[in-house]
Structure formats: C-alpha cells, structure tokens
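Peer 1: Need coordinates for the following:
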Amino acid sequence: MPTGIEEALAVTSLIGFAGQVFSGCMKMYSIMSGAAHFGEDQDVLFWKLRIQCMRLRVWGDHWTSGDDRAAGLDEALEREDEDIREVVIGTLKRIHQLLDSALHVYKKYGLIIVEPKNDHFALDPEESAKNVQKAVSFWKRCKWQVKNKEKFDGLLQDLTTYNTTLHDILPTRARDTLSVALACGVVDWAQPKELDAVENAFTQIGGGPGNTHPTNSSVIETSSQTDAVASQSIRELVEIKRFGALLADPNRSPSGNEKALSVLCNDPGAFTSPSIAGKGTMSDGNFPQLENGSYHAQTVLVEWKPYDRTMDFRDRMTIYLRVDNLAKFLNKDKPVGFRIPRCVTYVHRDDEARFAFLYRLPDPTTNSTQWTSLCDLFDKSNRRPTLSDLASLEGRYTIAKTLAMAILKLHACGWVHKGIRSSNVLLFPYQSTDPNVLPRKLLDQRYNFIEPLVVGFSYSRPDKPDEDTIERSNNPSRADDHDLYRHPQLIPTASSYRRGLRFSREFDIHALGLVLLEIAFQWPLSHYRRTDDTPETFLARLHQLYVPQLASIMGSKYRDCVAYCLSAVPETPLRTVPSEPGVVQQEKPGSNVTSVADGDSYGDYHLASLTSFFRNVIVPLEKCKIC
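Peer 2: Now for the predicted structure:
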C-alpha cells in the first residue's frame, strides 16, 4: 500500500510540492554523507557522494535566499514555465526515490553496514519512517563499506545525471557561479588530510557527468563548460588550502627546501620608499599604510604593518611567525578571482618595529602605479560631486560581486582577512585618454571596477580555533575611521565588547556589508558617523536609516545582501537533526555531526557559514543586473 509521501510524489505537477521533495532529498543526502565514511581505502567514493550532495545544495541556493529554502523554491518555481516546473519536480522525485532506495535497500547498491551491525532501523523501513529522529541518529552512527564498487558507481552516476539535469535548466552564467560555489563548498568541507581524495573524486567525476556518461553527447555538450569551471576551481582551491594548512600546522618542522623558499628579503638595501626616505616616519605617527616603493629598481606596492615592540617576547615571536607564514601565503600564485596581489618579499625594519610587504603591481609599465583606494575615490567632502565622481549602476554591481566572490574563495581556503574596508580596495586607472573627455566620464569608465585588488592582509591568518587574536590592526593616519568596519563585539570601547573573542568569518562578512553600503551610496563610511555615536548606535542607525534606502538605489536584492552582512555575528553552533521540512530540532552539543544538506551543522560550523554567505550574498548579487 503506498505511503503518503509516495502518493504525493506521483503528483509531479503539484505546485508547492517541489520544496518538500527537495528538503527530503537533502535530508537523505545528509544521512548518507554525514555518516562515518566508507573506510580509509574508499575515501574517493565517499567524496563522490558528497560532491553530488553539494551540487544539489548549491542548485537549491540559486533559487532562493533565507532559511526556508523549501518554501522559497516553491515560490520561485511558480514564476517559471510549466515545462521547467515539470523537469524540476520530476527530477527531484527521481533523486528522492533513488536515495530512499539506497537507504532502505542499501545492499542493492553495493553498500553494507559495518557497525552498528544489528539495528531494526536498518531492516525495517516502516519502523524507520515512524521515528525519523531515531532513524537519523542510527544512520549517523553507521560506518559504510562498499563491497560492490560497480553497483555503487551506478548509484553515483544516476545521482550525477539527475543533478546535471537540474543545473542545465539554468543560464550559463548561473551555472558557472554554481560551479565555483560547488568547489568552495567541497574544499571548505574537507579537512586538509582529505584534499587528495577530494581532488581525485572530482577528477574521476569530471565535475559532472561528462566522464561518467560518455554516450550522452547532449549532456557532454551542455555541461562541458560548467565541468571545466568546477574542475579548475577545485584544483586551484585545493592547492591553496593545502599550502595554507601546511603553514598553519603548529607541529610542522620547516624543511631545508621550505627555508630556501622563504620570502624574507635578504637584501634590505635593495628596497626603498618615500617613508623610508623621510617623507613619513613612525615617530610622527603619520606613516602611510600603502605607498609605491622600489625593489631592485622595480616599482612595487608597499604595505606597512607596525607592531607593538612593548609586547612580551612570546607574543612578539608569534607575530614574527605569522608575518613569515602570511608572506609565504601571499607569495603563492592565486587565481585572478582572489583579487590578491602577489607578495614578492617582505622586509623587517626592526628599529622601527614594522614590516613591509612588497607586492607586484599588475603592470608597472601602465597606469598601475597611479592606483587609488575605493574610499578615496568616493571621498567628495571637499567639493561638489560631478559626473566624474560617480559610478554607473553596472559598475557598482560589478565591483560588489567581485569583492564578495573574493571573500568566499579566501574563506573556503581556511583564511580570514581581518581588514576588509574600502581603503583596502585598490582601483587602477585605464590608459590615459583625452584629458578634455575625462571629466565627462563616470568613475567606472576611468577606473577598472572589474579588476580591483584587495590588500590589507597584514593581520590575516588561518581561521583555526588555536589561532588566537593577540593584536588589533591599527593605522594612525586613519585611527578615527578604523573601528567603523569592526563589529561592536570586537571594539573594546563598545558596551557589547566580548573580551577574548576570536575573529571569525562573520566579522569579515560584516565589514564587507559596510563596503557594499559605501559602494551603493558612493560615500565613505566615515561621513555617516556622528560625534556622539557609540559603536552600537552607529550600526543601529545604518540598519534603520540607510539600509532601507538601498532598495530604491540598488534594488531589493542588494538591500537584503547588505542587511544580511551587517547582521552577521558568530553564533555557538548547535547540533541539528533533520526532522520535518523547514523544522530544525536542536540538541545539546556533544557530537561531531554535520548536516550540511540541511544547511545547519555542528561539527563543521564553518561550512554552514560559507554556504549561508553564498546563498544570501553571492547568489542575490549575481541576480542584480540592468534589464
């Protein structure tokens, strides 16, 4: 006799049903991928399954923002053609049936349960359906083993095909964005020791069904570009995360080869800059944070990092080690999407208690030496704004998306920036044109909003629990503005200050929201501050007065992105157990349980944060466009 869910699944054209089926699919993915993996010799198979889980997850994120993705998917599909709805609901139905069968008739797919060996939930699907939470708990404790790899590969191929069907109904640009998000999510999900298995799994899958279904030429043609984007992103992110994890490993012993690759400048005399020449000194408290300099007769971008020479010896040694590791991390070549300049070397000026990071400019032979910060570009306090002081709507959307994607990739690699602000976003002028024409050009016609550079990494570090915050970034030349981008919980003078609080990803996201606000209004954040403001009242006024105005200037999607960012705050992750669609049952912490499929996690809170950022910021910004 068919169950209620089976009867409902038969009605594939029922509006309002897609979200329910999607939620069910994600719960079953969560059960299988959240269980202890198949064994050390079967890690690649495990990650193939997780990749398909993440593919469906990011596809769902494309359709909706917010926490209730089931309802959001239904609402989004109501605006689509009937053909699209039928494809989506029919495909979700097949995924649901396939996963349900894999759980209840798992031997059919080459799976066996190693432990617990005896449990009625494994043998009695009806009993499992009556008590969902106990069933989930059982499956979470399972250890899988694949006895028949051919059968299990068949399951993976079917899941891959169905996921591709869902992705192929989206525009090419959206598919490319989801491919990058897939790579970020999977790399963030993996522990450093699992990265080889992730890379191998993705290589064997081909990022999609192109390698698993060679006879399906239409699938290959439709998905080949998306596969290439995902595969390239995976390779790049895995390499960077692996390198960053090596630097962050407190137990590593530097090898001779690593010492040879140190980027500490061994010829300080080859470096000079205006501040060294005497135009700015530490003693007058007015040194520049950024300036052009020269290293071996080549123009470089110089970023200064001061430190407190009065701190105790242990903290000072920690700072030295972090700077050295950071310079190595910044020295490693990165994809253009990171928007990070390459650090060629760094200099320690011990007598001045500061370090200098020397970055390679995009092209010293062009106008790249005439860079300016986004903050300075928007600062019109001394004059009445003209056309050349303003950027087009397209230009503002472009730079907002670029910065958000750069933060997503950095976080996926396990690092936090700690210095997101408009003064750390550099823009470069286009080649000189007729000076009589320049005043009639918009900002994004004069400066390259497509390829900004993000600097200010001097306090960046790995995002790990054992990486304590032992210093705060500070720039005497802009001391009054510096705390504006910090969350009140990080500011010692704020009433909500939390002593000893570690800097987390959410604080980068909060700062990004403030930069997005500046981009929208084309006005520096410091101009919104009142003399009697506290950190709390300043943030509250931005929320209440300025964020609502964004809908009329940039659109409601952009407004919601900024509101999400400004509300970002780290929370204590709770263990969550999938129950009914849209309902989360919270339990006391105490077990490493990850439920990424539902969008909530305990064991890997970072991943929940990253996927939430993608759903609430990256996807809406991607949809901001001029019709």
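Peer 1: Could you list every helix and strand that the host helix or strand of residue 163 packs against?
Peer 2: Using DSSP states H and E, residue 163 sits within helix 149-167. With contacts taken as 3 or more C-beta pairs under 8 Å, 6 or more residues apart in numbering; DSSP states H and E, helix 149-167 sits against helix 43-63, helix 82-104, helix 217-248. Yep, even glycine has a C-beta here, placed from its N, CA and C like the rest.
Peer 1: between the first one and helix 149-167, how many degrees?
Peer 2: Helix 43-63 and helix 149-167 meet at an angle of 20 degrees, taking axes from the mean of the first three to the mean of the last three C-alpha atoms, to 10 degrees as the criterion.
Peer 1: Outside of the lengthiest strand in the chain itself, list whatever touches it.
Peer 2: Taking DSSP state E as the criterion, the chain has its longest strand at strand 298-306. With C-beta atoms under 8 Å, 6 or more residues apart in numbering as the test, strand 298-306 has contacts from 273, 275, 282, 287-294, 323, 341, 344, 352-361, 364, 369, 371, 426, 455-459, 474.
Peer 1: let's see it at 6 Å
Peer 2: 273, 289-293, 354-359, 361, 364, 369, 455, 458 (C-beta atoms under 6 Å, 6 or more residues apart in numbering).
Peer 1: can you give me how far it is from the chain middle?
Peer 2: Strand 298-306 has its C-alpha centroid displaced from the chain centroid by 27 Å (C-alpha atoms, centre = their mean, to the nearest Å).
Peer 1: Most tightly packed of the helices and strands packed on helix 149-167?
Peer 2: helix 43-63 (a mean of 24; mean count of other C-beta atoms under 10 Å).
Peer 1: In terms of secondary structure, what does that helix contact?
Peer 2: Judged by 3 or more C-beta pairs under 6 Å, 6 or more residues apart in numbering; DSSP states H and E, helix 43-63 is in contact with helix 18-34, helix 69-78, helix 149-167, helix 172-189, helix 195-205.
Peer 1: Would you format the ones you listed as TSV with mean neighbour count and distance to residue 265 included?
Peer 2: Listed next are the helices and strands packed on helix 43-63 as TSV, based on neighbours: other C-beta atoms under 10 Å; distance: least, C-beta to C-beta, whole Å:
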stretch	mean neighbour count	distance to residue 265
helix 18-34	24	46
helix 69-78	19	50
helix 149-167	19	47
helix 172-189	24	32
helix 195-205	20	31
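Peer 1: so can I have JSON lines of those helices showing distance to residue 532 and mean pLDDT?
Peer 2: Output for the helices and strands packed on helix 43-63, formatted as JSON lines (distance: least, C-beta to C-beta, whole Å; pLDDT from 0 to 100):
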{"stretch": "helix 18-34", "distance to residue 532": "47", "mean pLDDT": "84"}
{"stretch": "helix 69-78", "distance to residue 532": "41", "mean pLDDT": "86"}
{"stretch": "helix 149-167", "distance to residue 532": "52", "mean pLDDT": "91"}
{"stretch": "helix 172-189", "distance to residue 532": "41", "mean pLDDT": "92"}
{"stretch": "helix 195-205", "distance to residue 532": "51", "mean pLDDT": "88"}
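Peer 1: circling back: filter the contacts of strand 298-306 to the buried ones?
Peer 2: If you count burial by 16 or more other C-beta atoms under 10 Å, the buried members of the contacts of strand 298-306 come out as 273, 289-293, 354-359, 361, 369, 455, 458.
Peer 1: before we move on, the earlier item: nearest to residue 400, of the helices and strands packed on helix 43-63?
Peer 2: Closest of these to residue 400 is helix 172-189, at 14.0 Å (criterion: C-beta to C-beta).
Peer 1: is it fair to say residue 293 lies in a strand?
Peer 2: Yes - if the criterion is DSSP: H, G, I helix; E, B strand; the rest coil, then residue 293 is within a strand.
Peer 1: and the closest residue to it other than its chain neighbours, what does it touch?
Peer 2: Distances taken as C-beta to C-beta, 6 or more residues apart in numbering place residue 273 nearest to residue 293, at 3.4 Å, with adjacent residues excluded. Contacts here follow C-beta under 6 Å, 6+ apart; on that basis residue 273 touches 291, 293, 302.
Peer 1: contacting residues around the second one?
Peer 2: For residue 293, the contact set (C-beta under 6 Å, 6+ apart) comprises 273, 300, 302.
Peer 1: mind putting these in a markdown table, distance to residue 328 and pLDDT included?
Peer 2: As requested, the contacts of residue 293 are exported to a markdown table (distance: C-beta to C-beta, whole Å; pLDDT from 0 to 100):
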| residue | distance to residue 328 | pLDDT |
| --- | --- | --- |
| 273 | 22 | 91 |
| 300 | 17 | 94 |
| 302 | 18 | 95 |
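Peer 1: now the residue most central in space within the chain, what's its secondary structure?
Peer 2: Nearest to the mean C-alpha position of the chain, counting by C-alpha atoms, centre = their mean, stands residue 408 at 2.1 Å. Using three-state DSSP, the structure places residue 408 in helix.
Peer 1: Can you check the pLDDT for it?
Peer 2: At residue 408, the model reports a pLDDT of 96.
Peer 1: What of the one 4 residues further on?
Peer 2: According to the model's per-residue confidence, residue 412 sits at a pLDDT of 93.
Peer 1: Quick check: nearest residue in space to it, chain neighbours excluded?
Peer 2: residue 184 (3.7 Å).
Peer 1: For the stretch 451-600 of the chain, which segments are assigned as strands?
Peer 2: Ranges of strands in the stretch 451-600 of the chain, per DSSP state E, counting those that start in this stretch, are 453-454, 461-462, 575-578, 584-587, 594-595, 600-601.
Peer 1: doesn't residue 410 make contact with the residue nearest to residue 412?
Peer 2: No - Residue 184 is beyond contact range of residue 410, at 9.8 Å (criterion: C-beta atoms under 6 Å).
Peer 1: distance of residue 203 from residue 44?
Peer 2: Distance of residue 203 to residue 44, given as C-beta to C-beta, to the nearest Å: 9 Å.
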